[in-house]
Every structure is written in structure tokens, then in C-alpha cells.
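**Student:** What follows is a predicted structure for the sequence shown.
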Amino acid sequence: MATIADNLQAVHARIARAARAAGRDPGGVGLVAVSKTFPAECIVQAHAAGQRAFGENFAQEAVQKVTLLGHLALEWHFLGPIQSNKTGMIATHFQWVHGVDRARIAQRLDAARPVELPPLNVCIQVNVSGEASKSGVDPGDEAELAAAIARLPRLKLRGLMAIPEPTSDTALTRRRFALLRQLKDSLVARGYALDTLSMGMSDDFEAAIAEGATMVRVGTAIFGRRDQ
């Protein structure tokens with residue numbers, strides 16, 4: 001049975017192949033290991049294998065892990081929708097937030113970010129597939145939210161993120177990722193200093209890398225299938 005260390009090695013090999021196929025430096029693609037629902041011991045094993053960035057979706061579960069593993073040099077990324085009543089714990093315990101989709105949430109994160117910590121790195125979530133059930137601003141609305149975030153001193157806007165609909169149509173997936181890249185490039189042209197495209201998961205991160213992803217969020221391929 002493959003270990004977490006084996007799986008990490010395999011994921012890094014996939015990232016390297018995809019980057020080289022796209023004419024990119026593999027070092028330009030960061031890996032966030034999505035550890036939601038997995039016990040802290042799995043994070044310890046991944047850390048021992050060299051992984052440093054971890055992604056969590058559930059604030060209370062994540063804070064327990066952050067506290068328990070405070071002796072390790074880990075970088076914590078909050079992924080997905082944010083409830084208003086969780087902004088305090090997220091702003092206090094995380095270095096990154098992928099998925100800001102409302103100015104009100106950004107304002108609450110900014111207000112809750114401790115002054116002794118560096119500004120919180122944030123990515124705007126864009127609903128590139130137009131799914132009613134999915135969070136994110138509509139394509140075209142990201143500029144208004146970017147302007148709102150730029151006015152908040154305790155937040156640092158780093159880029160955009162997306163979670164396209166699951167599909168076996170690779171060409172469609174690539175179009176979704178290409179749209180996010182185009183939206184980010186448009187914001188850069190407006191003067192925003194963005195360096196992050198957070199897109200791609202276990203089943204589609206090669207397509208994301210081909211379209212310019214700088215950060216992929218991988219869980220299943222590292223930790224295995226989750227118990228539902």
C-alpha cells in the first residue's frame with residue numbers, strides 16, 4: 001500500500017511533467033495538500049516527507065489541527081466558502097484564504113486579522129462554470145471585489161481561485177481555467193500586483209498547470225479517498 005510520502009512523490013512527478021509539457025518551470029507551481037477530514041497524524045507524515053502548505057475547509061476542525069501542530073513550520077490555507085461567524089478564527093490561524101467572494105467577508109477578515117501578524121493572503125473565488133450551487137463571483141465582477149479588498153490594510157490580494165464543475169471533458173476544463181487566467185491578467189493590466197492562480201485538484205491539475213496555475217490544491221491523490 002502506498003504511503004503518504006509515496007503519494008506526495010507521485011504528485012510532484014505529475015506536477016513536474018505537466019509543467020514541462022507546458023514549457024514551464026515546475027518550481028513555479030506550488031502544492032497545497034488538502035488535509036480536511038484527515039487526522040493530524042496524516043499531516044505529520046506529509047510534513048516529514050517535505051510538505052509545508054496544507055488546506056482545510058472546516059474552520060473548527062482546522063483550528064484544532066493548527067493548535068496541535070503549532071510546533072511544526074506549516075503554512076495553513078483556508079479553502080472554500082466562509083461563514084461570517086468563522087471569520088475571526090480564520091483570520092487568526094491561517095496565512096492564506098482561497099475563496100473570498102463578498103466584500104463583507106473581506107471586511108470581517110480584515111477587522112479580525114491580528115495586527116502582530118502579516119497581512120492575510122487572499123484569493124478571490126470566481127464561479128467560472130456558472131453553477132448555482134457554487135460560491136464565487138461571476139466572471140466580470142472580480143474587479144469590483146478586488147478594489148474593495150485593495151482598500152483593506154490587513155489583507156493582501158494575491159490572485160484568483162476557481163473550482164470548475166467536475167467533468168471528463170478536458171477541453172471544457174481547460175477553457176474554465178483559461179478564463180480564470182484571462183481574468184487575472186485583466187486585473188494585472190489594471191495595476192493589481194497579482195501572482196497567484198489557485199486552480200486544479202487531484203483529477204484536473206495537469207489541465208490547470210497547462211493554463212497557468214501557480215498553486216494546485218490536492219487532497220485525494222495524497223491522502224486517499226475521504227469517508228463521507
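**Tutor:** Ah, there it is. Just so it is clear, the model here is predicted, and its values are computed rather than measured.
**Student:** can you give me the helices in the chain?
**Tutor:** Using DSSP state H, the helices of the chain run over residues 4-21, 40-48, 59-68, 87-93, 103-112, 142-150, 170-189, 205-210, 220-223.
**Student:** now residue 36, nearest residue through space, not along the chain?
**Tutor:** Using C-beta to C-beta, 6 or more residues apart in numbering and skipping the chain neighbours, the partner closest in space to residue 36 is residue 57 (4.4 Å). The C-beta positions use only the backbone N, C-alpha and C, and glycine is treated the same way.
**Student:** Contact partners for the one you found?
**Tutor:** Taking C-beta atoms under 8 Å, 6 or more residues apart in numbering as the contact definition, residue 57 lies against 34, 36, 78-80.
**Student:** possible to save these as a markdown table with distance to residue 167 and pLDDT?
**Tutor:** Shown next, in a markdown table, are the contacts of residue 57 (distance: C-beta to C-beta, whole Å; pLDDT from 0 to 100):
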| residue | distance to residue 167 | pLDDT |
| --- | --- | --- |
| 34 | 20 | 98 |
| 36 | 22 | 94 |
| 78 | 26 | 98 |
| 79 | 20 | 97 |
| 80 | 20 | 88 |
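**Student:** Tell me the pLDDT of the residue nearest to residue 36.
**Tutor:** pLDDT for residue 57: 95.
**Student:** residues near residue 135, how many?
**Tutor:** Other residues lying near residue 135 total 16 when counted by other C-beta atoms under 10 Å.
**Student:** burial measure for the closest residue to it other than its chain neighbours, as a count.
**Tutor:** Of all residues not flanking residue 135 in the chain, residue 81 sits nearest, at 4.5 Å (C-beta to C-beta, 6+ apart). Neighbours of residue 81 under the rule other C-beta under 10 Å: 15.
**Student:** residues in contact with residue 81?
**Tutor:** By C-beta under 8 Å, 6+ apart, the contact set of residue 81 is 99, 101, 135.
**Student:** hang on, the earlier thing: quickly name whichever of the contacts of residue 57 is closest to residue 207.
**Tutor:** Set against residue 207, the nearest of these by C-beta to C-beta is residue 34 (17.5 Å).
**Student:** Where does pLDDT dip in this protein?
**Tutor:** Confidence mapping of the chain against pLDDT under 70 gives the ranges 227-228.
**Student:** Please repeat the previous calculation with a cut-off of 90.
**Tutor:** Residue ranges of the chain with pLDDT under 90: 1-2, 80, 130-134, 225-228.
**Student:** Quick check: residue 95 touching residue 75?
**Tutor:** Yes. The pair residue 95 and residue 75 qualifies as a contact (C-beta atoms under 8 Å) at a distance of 5.2 Å.
**Student:** got a list of what the residue lying closest to residue 30 once chain neighbours are set aside touches?
**Tutor:** Nearest residue to residue 30, sequence neighbours excluded (C-beta to C-beta, 6+ apart): residue 215, at 4.5 Å. Residues in contact with residue 215, defined by C-beta under 8 Å, 6+ apart, are 29-32, 196-199.
**Student:** So residue 126 versus residue 154, what's the distance?
**Tutor:** 23 Å (C-beta to C-beta, to the nearest Å).
**Student:** Looking at those two, which one has more neighbours?
**Tutor:** A count of neighbours by other C-beta under 10 Å puts residue 126 above the other of residue 126 and residue 154, at 26 against 17.
**Student:** coming back round to it: out of the helices of the chain, which is closest to residue 160?
**Tutor:** Taking C-beta to C-beta, helix 170-189 is the member of these nearest to residue 160, at 4.9 Å.
**Student:** picking up where we left off before, which neighbours do residue 95 and residue 75 have in common?
**Tutor:** Joint contacts of residue 95 and residue 75 (C-beta under 8 Å, 6+ apart) do not exist.
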